[in-house]
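**Q** model the following, please.
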Amino acid sequence: MGRRERKKLQSRRTILEAAISEFSKKGYKETSVADIMGTADLGIGTFYNYFSSKEDLLFSLLGRLGETIRMALAEARAAERTSLELLEVGARVTAKFLDENRYVMPLFLSASHHGAPHAAEGIPPHASGENPSGSRMAPQIKQVFTEIIREGQAAGEIRSDVPVDLIAEMFHSLYQAAAFSQLDLTFQENIALKTRLLLDGIRKRNEQPPCD
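**A** Down below sits the predicted model:
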């Protein structure tokens, strides 16, 4: 990589880190491009060399979740974890990321579930699942779970009488349920308990009644 490419990569990284800082302090809606670039100590015009909009930058930040999940799963696979254990790792890592980066939660939910409350956080409709661009991230994450579930069914670890897509959808729905939960649990505790129940329900047993 040449000097110019390294400088561009560093500038993009600086903008992303500045956005994380500003979103964490002010929230997505109240943070402007000017705020981000002020923290990055770069000109506002430089922003548009890397991102078309604030929403585009948010998608890039959400993309870090996919990278985080893949890294955690790679370690778990290297340790020869079962498919059920891989699903637990994926669910836990996702919960931790969303809990520590709450500003991406509305986008994460709306990208995979029509009608999720993106407007309350200032996420415009075109950044939700109601537009093709809204599917940029969610399918990537959902696909990871889908592949693990399919592998688990093939290995005889996960019930095969339940459709793969249905189980994957159930995992994704955990986060919306936890986000709006009124229980006296932290977000990560809520997800952990729900995950255990779901894993127990999809675990392959010697005799499993068919799912109607």
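**Q** could you use CA atoms for every contact and neighbour count after this?
**A** Fine.
**Q** quick one, helices of the protein?
**A** Shown for the chain, the helices assigned by DSSP state H span residues 3-26, 33-40, 44-47, 54-78, 83-100, 105-110, 138-154, 164-179, 187-202.
**Q** quick check: pLDDT value at residue 181.
**A** With respect to pLDDT, residue 181 has a value of 94.
**Q** now it: how far from residue 45?
**A** To residue 45, residue 181 is 41 Å away according to Cα to Cα, to the nearest Å.
**Q** just to revisit the earlier point, give me whichever of the helices of the chain is most buried.
**A** By mean neighbour count, with neighbours taken as mean count of other Cα atoms under 10 Å, helix 105-110 ranks first of the helices of the chain at a mean of 24.
**Q** so residue 86 makes contact with residue 149?
**A** No. Using Cα atoms under 8 Å, residue 86 and residue 149 do not qualify as a contacting pair, with a distance of 9.3 Å.
**Q** rank the helices of the chain by mean pLDDT and give me the bottom one.
**A** Per-stretch averages of pLDDT across those put helix 105-110 at the bottom, with a mean of 76.
**Q** put the alpha carbons of it into PDB.
**A** As requested, C-alpha coordinates have been extracted for helix 105-110 and formatted as PDB (Å, rounded to 0.1, in the frame of the first residue of the first chain):
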ATOM      1  CA  MET A 105     -29.600  -0.400  17.300                       C
ATOM      2  CA  PRO A 106     -32.400   1.300  15.300                       C
ATOM      3  CA  LEU A 107     -30.700   0.600  12.000                       C
ATOM      4  CA  PHE A 108     -29.900  -2.900  13.000                       C
ATOM      5  CA  LEU A 109     -33.500  -3.600  13.900                       C
ATOM      6  CA  SER A 110     -35.100  -1.700  11.000                       C
END
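**Q** what about it, distance to the chain center?
**A** With Cα atoms, centre = their mean, to the nearest Å as the basis, the distance from the averaged C-alpha position of helix 105-110 to the chain average is 8 Å.
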